[in-house]
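Asker: Predicted model and sequence below, questions to follow.
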Amino acid sequence: MGRQGFYGWRVVAATFVLACFGWGFGFYGPPVYLHAVRQMHDWPLAVVSGSVTVHFLFGALVVANLPRLYRRFGVPAVTRAGALALALGIVGWATVQAPWQLFAVALLSGAGWVAMGAAAVNAIIAPWFVRTRPAALSTAYNGASIGGVVFTPVLAAGIARLGFPATAAILGALMVATIWLLAGRVFGRTPASLGQAPDGDNPDGDAPDATARPVAAPLARPLPGRLLWRDPGFLTLAAGMALGLFAQAGLLAHLFSLLVPALGEARAGLAMGLATAAAIGGRTLVGWLMPAGADRRLVACVSYGVQIAGSLMLVAAAGDSVPLLLLGVVLFGAGIGNATSLPPLIAQTEFAKEDVGRVVALIVATGQATYAFAPVFFGLVRVTFDGSASVAGAAPHLFLAVALVQAAAIAGFLLGRRPTHADHHGRVTSASRN
């Protein structure tokens with residue numbers, strides 16, 4: 001079957017929209033909600049910040065159980081429930097009247113957005129793509145970055161003009177209506193239901209280039225229950241992803257304020273947009289150009305290496321060299337998207353097919369539970385070591401701490417590498433851990 005008639009790329013487009021809403025309101029939205037709540041009620045920053053942490057931590061608990069929810073209720077129903085919960089949570093953030101209510105609505109928003117987040121995107125894409133999954137996932141995950149670019153200013157402008165409650169109600173209704181439609185018309189379909197095969201291949205024949213097809217590790221044994229948590233490959237993959245996201249979330253939480261002294265608020269905002277553009281570019285290049293037989297753990301290490309170079313450029317900038325600051329932002333930004341998209345692709349080639357969905361859900365949950373504390377951790381580093389920096393905006397210890405955490409992430413990926421061999425078709429596959 002020709003690629004033109006392959007339904008999988010419609011699924012990618014729909015999942016791109018899902019990611020736009022999920023990350024736009026669930027990941028990039030909470031800092032905006034925090035500021036709006038503080039303006040409305042003047043509650044202590046620690047209380048409002050604590051509710052944001054709850055948002056991410058409870059979401060981690062839910063995403064860990066996402067495969068089980070899919071098996072019981074189906075992808076369309078879980079996706080619709082997630083959109084509805086996130087919308088109600090956003091309205092809740094806008095209408096709370098007591099501090100304790102923040103934590104209740106954070107449970108709703110946290111549970112809702114993960115049904116539209118990284119594990120959900122992978123679960124929806126996986127049945128449609130095997131050989132070309134890197135390209136499909138990178139395209140779908142780019143919706144996450146676009147969601148931040150689009151919805152962060154829309155939320156801020158809407159709150160300024162219409163107020164937080166009206167903005168939350170309008171955007172929440174738009175999200176629910178859109179996702180409800182996509183869940184019914186797109187996410188419930190499978191290749192088999194349309195008489196198609198993954199990647200647009202002929203369902204009655206071989207793939208166009210069978211020698212290039214990477215498959216779920218054919219020699220890997222299933223790891224049900226607690227066996228997965230005893231597997232070195234899983235543990236190092238989860239640790240590598242968690243450490244990488246921890247470093248990213250921590251730096252991004254403080255980067256804008258560190259750029260302002262040298263660039264001013266307007267140009268600092270543009271620099272943050274430059275980081276997002278670099279993230280889209282880096283993810284797209286890796287997804288579309290990564291060789292079929294590439295060691296995906298090594299690709300992740302290279303991506304983090306580029307980010308380490310970015311962190312070191314930010315150190316070298318000393319808070320006042322605009323060219324070095326911008327170079328650091330671009331280098332660091334180039335790996336932001338890959339930190340989310342590469343670990344699911346690593347799981348695809350290292351684990352038995354029936355385990356991949358659970359592996360992805362658990363590494364995403366571990367990463368989210370970890371990066372929920374990153375802004376606080378790096379804030380303490382900044383206050384403790386860089387508070388008296390002679391140059392305003394310089395934070396050498398913070399940037400060095402980020403680089404060290406990313407180096408630890410690289411170590412995790414390298415420690416989990418397994419021997420590979422070529423099968424009789426010439427395909428590169430991972431060796432068994434039996």
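Answerer: Received, thanks. Quantities reported herein were computed from a predicted structural model and do not represent experimental measurements.
Asker: going forward, measure contacts and count neighbours with C-alpha atoms only.
Answerer: Will do.
Asker: what sits against the most centrally placed residue in the chain?
Answerer: Nearest residue to the geometric centre of the chain (Cα atoms, centre = their mean): Thr340, 4.2 Å. Residues in contact with Thr340 (Cα atoms under 8 Å, 6 or more residues apart in numbering) are Ala118, Met241, Leu245.
Asker: In helices, which of the residues you listed fall?
Answerer: Ala118, Met241, Leu245 (DSSP state H).
Asker: ok, which stretches of the stretch 151-300 of the chain are helices?
Answerer: 164-182, 232-289, 296-317 (DSSP state H, counting those that start in this stretch).
Asker: Can you tell me which of those is nearest to Val54?
Answerer: helix 232-289 (15.6 Å; Cα to Cα).
Asker: shouldn't Ala394 be in contact with Ser321?
Answerer: No. In this structure, Ala394 is not within contact of Ser321 by Cα atoms under 8 Å, at 10.2 Å.
Asker: Between the two, which is the more surrounded one?
Answerer: Counted by other Cα atoms under 10 Å, Ala394 and Ser321 do not tie: Ala394 has more neighbours, with 25 against 14.
Asker: Excluding chain neighbours, what is closest to that one?
Answerer: Gly319 (4.0 Å; Cα to Cα, 6 or more residues apart in numbering).
Asker: separation between the one you found and Ser257?
Answerer: Gly319 sits 11 Å away from Ser257, going by Cα to Cα, to the nearest Å.
Asker: same question, Ala334
Answerer: 20 Å.
Asker: more neighbours, the two?
Answerer: Ala334 (27 against 15).
Asker: confidence score at the more buried one?
Answerer: At Ala334, the predicted lDDT confidence score is 95.
Asker: residues in contact with it?
Answerer: So Ala334 contacts Ala275, Ala278, Ala279, Ile280, Gly281, Gly282, Arg283, Ser303, Val306, Gln307 (Cα under 8 Å, 6+ apart).
Asker: Now the fourth one: closest residue in space, sequence neighbours ignored.
Answerer: Nearest non-adjacent residue to Ile280, counting by Cα to Cα, 6+ apart: Asn142, 5.9 Å away.
Asker: The one you found against Leu18, yeah?
Answerer: No. Judged on Cα under 8 Å, Asn142 makes no contact with Leu18 at a distance of 10.8 Å.
Asker: if I pick the residue nearest to Val402 when sequence neighbours are not counted, what's in contact with it?
Answerer: Of all residues not flanking Val402 in the chain, Ala247 sits nearest, at 5.1 Å (Cα to Cα, 6+ apart). Counting by Cα under 8 Å, 6+ apart, Ala247 touches Tyr371, Ala374, Val402, Ala403, Val405, Gln406.
Asker: how about the strands in the stretch 1-150 of the chain?
Answerer: In the stretch 1-150 of the chain, no strands are defined using DSSP state E, counting those that start in this stretch.
Asker: could you give the angle of whatever helix or strand Thr349 lives in to helix 296-317?
Answerer: In the assignment (DSSP states H and E), Thr349 maps to helix 338-350. Angle between the axes of helix 338-350 and helix 296-317 is 160 degrees (criterion: axes from the mean of the first three to the mean of the last three Cα atoms, to 10 degrees).
Asker: Run the angle between helix 338-350 and helix 232-289 for me.
Answerer: Using the same axes, to 10 degrees: helix 338-350 against helix 232-289 is 110 degrees.
Asker: Could you list the buried residues of the helix or strand just after helix 338-350?
Answerer: Downstream of helix 338-350, the first helix or strand assigned by DSSP H and E is helix 353-371. Neighbour-count burial for helix 353-371 flags 353, 355-371 (criterion: 16 or more other Cα atoms under 10 Å).
Asker: separation between the residue nearest to Ile280 and Leu227?
Answerer: According to Cα to Cα, Asn142 and Leu227 sit 33 Å apart.
Asker: Give me the common contacts of Gly319 and Ser257.
Answerer: What both Gly319 and Ser257 touch, as defined by Cα under 8 Å, 6+ apart, is the set Gly393.
Asker: mind listing what the closest residue to Trp23 other than its chain neighbours touches?
Answerer: Leaving aside its sequence neighbours, Trp23 sits nearest to Ala144 (Cα to Cα, 6+ apart; 5.2 Å). Neighbour list for Ala144: Phe16, Ala19, Cys20, Phe21, Gly22, Trp23, Gly24 [criterion: Cα under 8 Å, 6+ apart].
Asker: Comparing Asn142 and Leu18, which shows the higher neighbour count?
Answerer: For Asn142 and Leu18, the more surrounded residue by other Cα under 10 Å is Leu18, and the numbers stand at 30 against 24.
Asker: tell me the domain ranges of the chain?
Answerer: Using automatic domain parsing, the domains assigned to the chain come out as 3-202, 225-430.
Asker: circling back: can I get the contacts of Thr340 in TSV with neighbour count?
Answerer: Putting the contacts of Thr340 into TSV (neighbours: other Cα atoms under 10 Å) gives the following:
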residue	neighbour count
Ala118	25
Met241	27
Leu245	25
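Asker: and of the residues you listed, the nearest to Ala160?
Answerer: Ala118 (30.3 Å).
Asker: Settle this for me: that closest one is touching Val364, isn't it.
Answerer: Yes. With contact defined as Cα under 8 Å, Ala118 counts as touching Val364 (7.0 Å).
Asker: Spatially nearest residue to Ala169, not counting backbone neighbours?
Answerer: Closest residue to Ala169 apart from its sequence neighbours, by Cα to Cα, 6+ apart: Val91 at 6.0 Å.
Asker: Tell me how many other residues surround that neighbour.
Answerer: 22.
Asker: which residues does it contact?
Answerer: Val91 touches Pro165, Ala168, Ala169, Gly172, counting by Cα under 8 Å, 6+ apart.
Asker: Would you mind checking the residues you listed for buried ones?
Answerer: Pro165, Ala168, Ala169, Gly172.
Asker: pLDDT averaged over stretch 119-131 - what is it?
Answerer: The model assigns stretch 119-131 a mean pLDDT of 95.
Asker: do the same with stretch 50-61
Answerer: Here the average pLDDT along stretch 50-61 is 93.
Asker: and that stretch, how far out from the chain's middle?
Answerer: 15 Å (Cα atoms, centre = their mean, to the nearest Å).
Asker: Now tell me what touches that stretch from outside.
Answerer: In contact with stretch 50-61 (Cα under 8 Å, 6+ apart) are residues 30-31, 34, 102-103, 106-114, 364-366, 368-369, 372-373.
Asker: Stretch 148-160 now?
Answerer: Under Cα under 8 Å, 6+ apart, the answer for stretch 148-160 is 20, 23-25, 28-29, 32, 36, 164-167, 273, 276.
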